[in-house]
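# only geometry, no sequence info:
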């Protein structure tokens, strides 16, 4: 009887161990034997969005015949399946790669009046090899479609375009560059990246852009960093707008203006401080841009200061920032409009406002921003964001020349006549449901400034909206 009992106890313990092991096993691990590992990947999302008085109903003034409805609701979704592999070579190097795609769709009309449309596109398709060159030196070389973000995402981050005929405007599930050759080398805390990139643009607006450049970065052991990025636009058919002389008249368009544009950016973040500044974090970015072929000279920059209130409930973190992107001065023959290239446009990264980021790209705008983040639990996060947004140059294109119109005196004008564009408020809630499922909801409102009021010729109403989405990621 004791032997039987002992056998049962051992069998039960073994069964529990096997069950626990099965629960801990990666469900996306498809094959692992000898030197080869194959994994599956899957991501999907569903997003419900409501918008009222879109773009402060500017279309009623600047495009009255368009029939644009400023109030809309839509539902968008996407799936992103993929497969990756790693093969460990006898030399110690690792050969690896990934293949994935995106299928997205939008039901109803979105903010840009596109709806009931979607597309299935290739996302990642690359082959790569990584390994060691010495005790503190590594290399990583890849070729093919894949994601790449440099620095903080000010210039190089979003390699693909979603929305419009592809659907899923708000989600923006596409991130990978359509073609990329990337070489990354590290030596201790210093890393260097050389790249050639072909963005995955919309078929309807493909500018045939090709970029190349380098990024050099130092990552301090304590968490700070300092880096520099150089980007050269080798080929482009994308146009640039130029303000009319004196700001009177429609902007002129420079076909293929982007080709030959070069950008040099410097970015950094502080290490944790001592002596009374332990809870502070500071970041800074600055970029200089030029193109001798079209007499372009532009600039951009941002500074932020963040403070964590240690010891308080919900771990409050407050960040204040200021960012500015030059616009074209209508009183000079030079072109001063900053081209933000392929920046990360989420509210937590380089968006200029929450609502306003859908109207103004990072050119001829500046913004004072505040963000307060609270974490009632490890699974729940609340973030309140505020942005005060202004134009740098009056009577100059703020986006690309939209809002070109005839004023009360019969003159064709562009841009705004008052620098105050908007004040945006955005409250966001995030919930980690489990290790693979995430819920996000938000409400936002944009109060138009005098610059928008003057375009409409009256006091504009606020633009409001909200969303709720669920994303699963394996």
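Perfect, I can see it now. Because the structure is predicted, anything quoted here is derived from the model rather than measured.
# now for residue 232: which residues touch it?
211, 212, 213, 261, 262 (CB atoms under 8 Å, 6 or more residues apart in numbering). C-beta here means a position set from N, CA and C on the backbone, and glycine is covered the same way.
# low-scoring stretches of this protein, by residue?
1-24, 400-413 (pLDDT under 70).
# residue 99 versus residue 423, what's the distance?
Separation of residue 423 from residue 99 (CB to CB, to the nearest Å) stands at 45 Å.
# so residue 347 touches residue 357, yeah?
Yes. The criterion here is CB atoms under 8 Å, and residue 347 meets it with residue 357 at 7.3 Å.
# all strands for the stretch 351-474 of the chain, in order.
365-374, 380-391, 405-406, 412-413, 420-434, 437-448, 463-473 (DSSP state E, counting those that start in this stretch).
# of all these, which one is nearest residue 65?
Counting by CB to CB, residue 65 lies closest to strand 405-406 out of the strands of the stretch 351-474 of the chain; the figure is 13.0 Å.
# relative to residue 41, which of the strands of the stretch 351-474 of the chain is closest?
Evaluated over the strands of the stretch 351-474 of the chain, closeness to residue 41 peaks at strand 463-473, with 8.7 Å, by CB to CB.
# what residues sit buried inside stretch 444-463?
444-449, 451-456, 460, 463 (16 or more other CB atoms under 10 Å).
# which one of those residues is nearest to residue 288?
Top of the list for closeness to residue 288, among those and by CB to CB, is residue 451 at 26.9 Å.
# what sits against the closest one?
By CB under 8 Å, 6+ apart, the residues touching residue 451 are 390, 391, 416, 417, 418, 419, 420, 421.
# from these, list the buried ones, please.
By neighbour count, with 16+ other CB under 10 Å, the contacts of residue 451 hold 390, 391, 416, 419, 420, 421 as buried.
# so of those residues, which two are at opposite extremes in space?
By the measure CB to CB, the buried ones among the contacts of residue 451 have their two most distant members at 390 and 416, which lie 9.4 Å apart.
# give me the distance between the residue nearest to residue 416 when sequence neighbours are not counted and residue 229.
Leaving aside its chain neighbours, residue 416 sits nearest to residue 451 (3.5 Å; criterion: CB to CB, 6 or more residues apart in numbering). Distance, residue 451 to residue 229, using CB to CB: 32 Å.
# what do you get for residue 48?
Here residue 48 is placed at a distance of 37 Å from residue 229 (CB to CB).
# and what of residue 201?
Taking CB to CB, one finds residue 201 at 21 Å from residue 229.
# higher neighbour count, the two?
Neighbour comparison, residue 201 and residue 229: the larger count goes to residue 229, with 24 against 16 (by other CB atoms under 10 Å).
# list the contacts of the more buried one.
150, 151, 155, 156, 213, 214, 215, 263, 264, 265, 267.
# what sits against the nearest residue to residue 57 once chain neighbours are set aside?
Spatial nearest neighbour of residue 57, chain neighbours left out: residue 70 (4.5 Å); criterion: CB to CB, 6+ apart. Neighbour list for residue 70: 51, 52, 53, 54, 55, 57, 59, 60 [criterion: CB under 8 Å, 6+ apart].
# and for residue 42?
So residue 42 contacts 28, 79, 80, 81, 82, 472, 473, 474 (CB under 8 Å, 6+ apart).
# do you know how far it is from residue 314?
Relative to residue 314, residue 42 is positioned 33 Å away (CB to CB).
# the spatially closest residue to residue 259 that is not a sequence neighbour - how many residues pack around it?
Of all residues not flanking residue 259 in the chain, residue 236 sits nearest, at 4.2 Å (CB to CB, 6+ apart). If you count neighbours by other CB under 10 Å, residue 236 ends up with 19.
# on that earlier part again, and the contacts of residue 451, which two are furthest apart?
The most distant members of the contacts of residue 451, if one measures by CB to CB, are 390 and 417, lying 12.8 Å apart.
# which residues touch the nearest residue to residue 309 once chain neighbours are set aside?
Setting aside the residues directly before and after it, residue 309 is nearest to residue 316 in space (CB to CB, 6+ apart), at 4.4 Å. With contacts defined as CB under 8 Å, 6+ apart, residue 316 is in contact with 308, 309, 372, 373, 374.
# can you name the residues bridging to the residue nearest to the third one when sequence neighbours are not counted?
Just to be clear, that refers to residue 372. Leaving out its chain neighbours, the residue that sits closest to residue 372 by CB to CB, 6+ apart is residue 384, at 4.8 Å. Note on residue 384: beta-bridge partners residue 372, residue 427, judged by DSSP bridges.
# I figured residue 211 hits residue 231, correct?
Yes. Counting by CB under 8 Å, residue 231 is a contact partner of residue 211 at 5.8 Å.
# so what's in contact with the two at the same time?
Taking CB under 8 Å, 6+ apart as the criterion, residue 211 and residue 231 both touch 156, 341.
# what about residue 157, neighbour count?
Residue 157, neighbours per other CB under 10 Å, totals 21.
# then residue 188?
Neighbour count of residue 188, defined by other CB under 10 Å: 11.
# for the one 3 residues further on, same thing?
Using other CB under 10 Å, the number of residues around residue 191 comes to 18.
# bridged to the residue nearest to it when sequence neighbours are not counted, which residues?
Nearest non-adjacent residue to residue 191, counting by CB to CB, 6+ apart: residue 217, 5.2 Å away. Beta-bridge pairing of residue 217 under DSSP bridges involves residue 191, residue 227.
# quick one: residue 93 and residue 187, what's the gap?
For residue 93, the distance to residue 187 - CB to CB - is 17 Å.
# swap in residue 283?
Distance of residue 283 to residue 187, given as CB to CB: 24 Å.
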